[in-house]
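Undergrad: Got a predicted structure plus its sequence, pasted below:
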Amino acid sequence: MAEATMTTTPSAVAGREGSDVLLDVRNVTQEFVLRNHGGVKGGILRAVSDVSFQMRHGETLGVVGETGSGKSTLARSVLQAPPPKAGEVIFRGKDLTKLHRKELLAMRQHVQMVFQDPPASLDPKWKVTQIVEEPLLAFGYGDRAKRRARVAELLELVGLDPRLHGGRKARELSGGQCQRVAIARAIALHPELIVCDEAVSSLDVLVQAQVLNLFERLRAELGLSYLFIAHDLALVKQVSDRVLVLYLGKLCELGPADDMFKAPAHPYTLALLASVPSPDPNAGRPETNRVISGELPSPLNPPSGCRFRTRCPRAEERCAAEEPQLRFVGPGHQVACHFPLVETPVAAPTTNGTGRL
Amino acid sequence: MVDGLQLDGAAGAPRGGTMTAARDGRGGGGPLLEVTDLHVRFRQRGRQVFAVNGLTYKIAASSTLAIIGESGSGKTVASRAIMGLLPVTAEVTGSVRYAGRELVGAKERDLRRLRTNDIAMVFQNPERSLNPTMRIGPQIAEAIRLHMDLGRKAAHERTVDLLRRVRLPSPERRYFEYPHQLSGGMRQRVMIALALSCQPKVLIADEATTALDVTTQAQIMDLLLELQAELGMALILISHDMGLAASYTEEVIVMYAGRAVEHAATKELFSNVRMPYTRALLDAIPRVDAPSHTVLPMIEGRPPDLSIRLPGCSFAPRCPDVQDDCRQAIPTLTELEDGHEFACFHPCGGGNG
């Protein structure tokens, strides 16, 4: 599967300029051992199983999935917090999983993270300037005057007034302002990749639009790449070039955002899309019952074969017996399903021989 | 006082009797819940916060209403005021009439009888609304026994029946499970079962599906609407999600800074937006069907500080269509078209703006 992904990805982003790979995630698996009372091993929770994808410079990859799909775990595995149990995370040509502590620390300035709960991710008693200056101090950036100038520059960049907001404490800021400070802190060291874990999910619609537009502006101005995790599909669509769909730790579908949302190939992607209520007065109610049923199975004991089969309306015997492999259904559009919704798999690079037709 | 007595008298009768009486007394088309000029003011450390400023609406049995707005718009406070669930620092004025009885100023023990029996609420966070140390079945059975004249065994049966009704898988077994053993969606189903336990006539769902995944949200909303139709309940859906309001309700109120700024039938409101604030909200939502990297039209600024009373429209400082008169007088919610009310001097849409 690793080969498949690797050989195929160039076509996924064909036509992009400067198409060198920024991040190459190969067969990453993350497990957690659950322990009962007295430290007795209670089972192994496989949060992420064998996920591979690549990201180019300046690209935004969206990750969607329900609670428990492993999207946050995947992001943390990329950041080596904690490192994955198996697989490789190659960032800027180096395998992060094999780096020593000091090398990893140095590498961290190139990968930053913006968290979900803005007020909780900042120390409420710290001043805004202190928060933004901290990464500069940690990595020995310039002298005091230089750091101050950089902090002011960063605050301007995220739309805060250094004179007005700089002296405030984090607890005195609104949610949207907190998120701007968190973003300023994240971009302080000129990172190349920012991992956004539900970064705008807790904000009100109007503030969310402001922060989303800020993300877009910074991407254009600073050439950032985002690994953008959210459960809201419309949000992910808005910011992403490509989207990755996870279900119970398995990659279901990966492809260009516009193509995938227009014609989803995996029944799970369709279920997610069909469940989003639309503000269009003529759209009618989401018809979720037709496309998905039941509850998410326990990740401790995932279903055999295709993990989605217990909730899938198209499931057949084969889905229980055989695990679907990733294959192409369009340019750069891969799906792991025996019976994808897109009828004619593209003749071009078919992978592992499971291609139907 | 008088109203309290009335309530008392009704509650003194056998439980089942009260409910039928209430039902019969109401008749067919009249409003079940009528909120008139509701004001809620909080006093804290010598400061006043005007959280709700003159909210008026009514809802009939078997109908659905969405109240939408951002955080701090007063949508939750207004609903809690109806239920009498606000802290003592809140000063509630105006009138809330449920089936002819006045609830503002009613005694706590009368309100307690009213809650769950007549008006029930489903909250956003099922984890915080359930007792983590108590099995879910007994939690519901306890509520039933407090509000209805039922024995232990009958309450147990009714609970299992309710759990089955909200489609909790294997309800007999789940009865004895603790909240932490259930998933978020299942816990929300339990909360709905709890809210429905005494057959309320009004159900207030306060961001009831916000914490859930989209697929679970759609399942829970389908369930709520199905039960609402089946039991003839009035459903008030409080949410920040325009899509939810558009998909699941018949009528929508948009709130901003403690006031209703637009109120219309759902189809009418979403196809013919008049209030610039509603327009801004709708424009700011990312759409599944829009291409990636679309620049979202947005407005700057923040909702106003509710401790200061502006002489004009509270949306004026952020409004793209603001004119001089907006800052001088508060536009009232008036019906300028058939059934479509909005509080704006220079509405967008209909040629005026």
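TA: That came through fine. Predicted model, so just to flag it, every value in this text is computed and none were measured.
Undergrad: what residue ranges in the chain score low on pLDDT?
TA: Reading this off chain A. For chain A, applying pLDDT under 70 flags the ranges A:1-19, A:343-357.
Undergrad: right idea, wrong chain: chain B
TA: Checking chain B against pLDDT under 70 turns up B:1-29, B:350-353.
Undergrad: Show me where it has its helices.
TA: Under the criterion DSSP state H, chain B contains helices at B:2-12, B:15-26, B:75-83, B:108-117, B:126-129, B:136-147, B:152-165, B:171-174, B:184-196, B:214-231, B:242-248, B:266-271, B:276-284.
Undergrad: what do you get for the stretch 151-300 of chain A?
TA: With helices called from DSSP state H, counting those that start in this stretch, the stretch 151-300 of chain A shows them at A:162-165, A:175-187, A:205-222, A:233-239, A:257-262, A:267-275, A:288-291.
Undergrad: Now distance to chain B too, for those helices, in JSON lines please.
TA: No exception for glycine: its C-beta is placed from N, CA and C like everyone else's. Formatted as JSON lines, the helices of the stretch 151-300 of chain A follow (distance: least, C-beta to the nearest C-beta, whole Å):
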{"stretch": "helix A:162-165", "distance to chain B": "13"}
{"stretch": "helix A:175-187", "distance to chain B": "8"}
{"stretch": "helix A:205-222", "distance to chain B": "4"}
{"stretch": "helix A:233-239", "distance to chain B": "4"}
{"stretch": "helix A:257-262", "distance to chain B": "5"}
{"stretch": "helix A:267-275", "distance to chain B": "4"}
{"stretch": "helix A:288-291", "distance to chain B": "4"}
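Undergrad: Switch those over to CSV; also include mean neighbour count.
TA: Shown next, in CSV, are these (neighbours: other C-beta atoms under 10 Å in any protein chain shown):
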stretch, mean neighbour count
helix A:162-165, 14
helix A:175-187, 24
helix A:205-222, 19
helix A:233-239, 24
helix A:257-262, 20
helix A:267-275, 24
helix A:288-291, 17
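Undergrad: Could I get the ones you listed in TSV, plus columns for distance to A:Lys94?
TA: Shown next, in TSV, are those (distance: least, C-beta to C-beta, whole Å):
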stretch	distance to A:Lys94
helix A:162-165	35
helix A:175-187	21
helix A:205-222	22
helix A:233-239	27
helix A:257-262	29
helix A:267-275	33
helix A:288-291	42
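Undergrad: For chain A, give me its nearest residue in the stretch 51-200 of chain B.
TA: When scored by C-beta to the nearest C-beta, the stretch 51-200 of chain B has B:Glu70 as its residue closest to chain A, at 4.1 Å.
Undergrad: What residues does that residue make contact with?
TA: B:Glu70 makes contact with A:204-206, B:240, B:256, B:281, B:303, according to C-beta atoms under 8 Å, 6 or more residues apart in numbering or on different chains.
Undergrad: can you rerun that using 7 Å?
TA: Residues counted as contacts of B:Glu70 (C-beta atoms under 7 Å, 6 or more residues apart in numbering or on different chains) are A:204-206, B:240, B:303.
Undergrad: Report the separation between it and A:Ser174.
TA: To A:Ser174, B:Glu70 is 11 Å away according to C-beta to C-beta, to the nearest Å.
Undergrad: Just give me the closest of the contacts of B:Glu70 to B:Thr116.
TA: Closest approach to B:Thr116 among these (C-beta to C-beta): B:His240, at 25.8 Å.
Undergrad: Adding distance to A:Ala152 as columns, could you present the contacts of B:Glu70 in JSON lines?
TA: Shown next, in JSON lines, are those (distance: C-beta to C-beta, whole Å):
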{"residue": "A:Asp204", "distance to A:Ala152": "28"}
{"residue": "A:Val205", "distance to A:Ala152": "30"}
{"residue": "A:Leu206", "distance to A:Ala152": "27"}
{"residue": "B:His240", "distance to A:Ala152": "34"}
{"residue": "B:Pro303", "distance to A:Ala152": "28"}
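Undergrad: Identify the bridge partners of the nearest residue to A:Leu251 once chain neighbours are set aside.
TA: Spatial nearest neighbour of A:Leu251, excluding adjacent residues (C-beta to C-beta, 6 or more residues apart in numbering or on different chains): A:Val51 at 5.0 Å. Partner residues in beta bridges with A:Val51, using DSSP bridges, are A:Val28.
Undergrad: got it, and B:Phe342?
TA: Applying DSSP bridges, one finds that B:Phe342 bridges with B:Glu262, B:Thr334.
Undergrad: My read is that it contacts B:Ala260, right?
TA: No: using C-beta atoms under 7 Å as the test, B:Phe342 is too far from B:Ala260 to be in contact (9.1 Å).
Undergrad: Can you pull the residues that touch both of the two?
TA: Taking C-beta under 7 Å, 6+ apart as the contact rule, B:Phe342 and B:Ala260 both touch B:Leu333.
Undergrad: rewinding a little: which of the helices of chain B sits closest to A:Arg311?
TA: Judging the helices of chain B by C-beta to C-beta, what sits closest to A:Arg311 is helix B:214-231, at 8.6 Å.
Undergrad: And the closest one, what does it pack against?
TA: Helix B:214-231 is packed against helix A:267-275, helix A:288-291, helix B:184-196, with contacts defined by 3 or more C-beta pairs under 7 Å, 6 or more residues apart in numbering or on different chains; DSSP states H and E.
Undergrad: could you redo the ones you listed as TSV and give each row distance to B:Pro138?
TA: TSV is the format used below for those (distance: least, C-beta to C-beta, whole Å):
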stretch	distance to B:Pro138
helix A:267-275	33
helix A:288-291	31
helix B:184-196	11
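Undergrad: and B:Asp324, which of these is closest to it?
TA: Using C-beta to C-beta, the nearest of the helices and strands packed on helix B:214-231 to B:Asp324 is helix A:267-275, at 45.8 Å.
Undergrad: Can you add mean neighbour count and give the helices of chain B back as a markdown table?
TA: Output for these, formatted as a markdown table (neighbours: other C-beta under 10 Å):
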| stretch | mean neighbour count |
| --- | --- |
| helix B:2-12 | 14 |
| helix B:15-26 | 14 |
| helix B:75-83 | 24 |
| helix B:108-117 | 18 |
| helix B:126-129 | 16 |
| helix B:136-147 | 20 |
| helix B:152-165 | 17 |
| helix B:171-174 | 15 |
| helix B:184-196 | 25 |
| helix B:214-231 | 20 |
| helix B:242-248 | 24 |
| helix B:266-271 | 19 |
| helix B:276-284 | 23 |
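Undergrad: Most proximal residue of the stretch 1-150 of chain A with respect to chain B?
TA: Using C-beta to the nearest C-beta, the single residue of the stretch 1-150 of chain A nearest to chain B is A:Glu66, 4.1 Å away.
Undergrad: what's near enough to touch that residue?
TA: Contacts for A:Glu66 (C-beta under 7 Å, 6+ apart) come out as A:231, A:296, B:213, B:215.
Undergrad: ok, now with 10 Å
TA: A:231, A:246-248, A:268, A:271-272, A:275, A:296, B:184-185, B:212-216 (C-beta atoms under 10 Å, 6 or more residues apart in numbering or on different chains).
Undergrad: what secondary structure does it sit in?
TA: coil (DSSP: H, G, I helix; E, B strand; the rest coil).
Undergrad: Return the backbone torsion pair for it.
TA: phi -80, psi 180 (degrees, to the nearest 10).
Undergrad: Next, find the distance separating it from B:Val52.
TA: From A:Glu66 across to B:Val52, the span is 35 Å (C-beta to C-beta).
Undergrad: follow-up on the earlier one: can you redo the helices of chain B as JSON lines with distance to B:Arg327?
TA: Listed next are the helices of chain B as JSON lines, based on distance: least, C-beta to C-beta, whole Å:
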{"stretch": "helix B:2-12", "distance to B:Arg327": "40"}
{"stretch": "helix B:15-26", "distance to B:Arg327": "44"}
{"stretch": "helix B:75-83", "distance to B:Arg327": "25"}
{"stretch": "helix B:108-117", "distance to B:Arg327": "40"}
{"stretch": "helix B:126-129", "distance to B:Arg327": "41"}
{"stretch": "helix B:136-147", "distance to B:Arg327": "50"}
{"stretch": "helix B:152-165", "distance to B:Arg327": "53"}
{"stretch": "helix B:171-174", "distance to B:Arg327": "57"}
{"stretch": "helix B:184-196", "distance to B:Arg327": "43"}
{"stretch": "helix B:214-231", "distance to B:Arg327": "40"}
{"stretch": "helix B:242-248", "distance to B:Arg327": "27"}
{"stretch": "helix B:266-271", "distance to B:Arg327": "26"}
{"stretch": "helix B:276-284", "distance to B:Arg327": "14"}
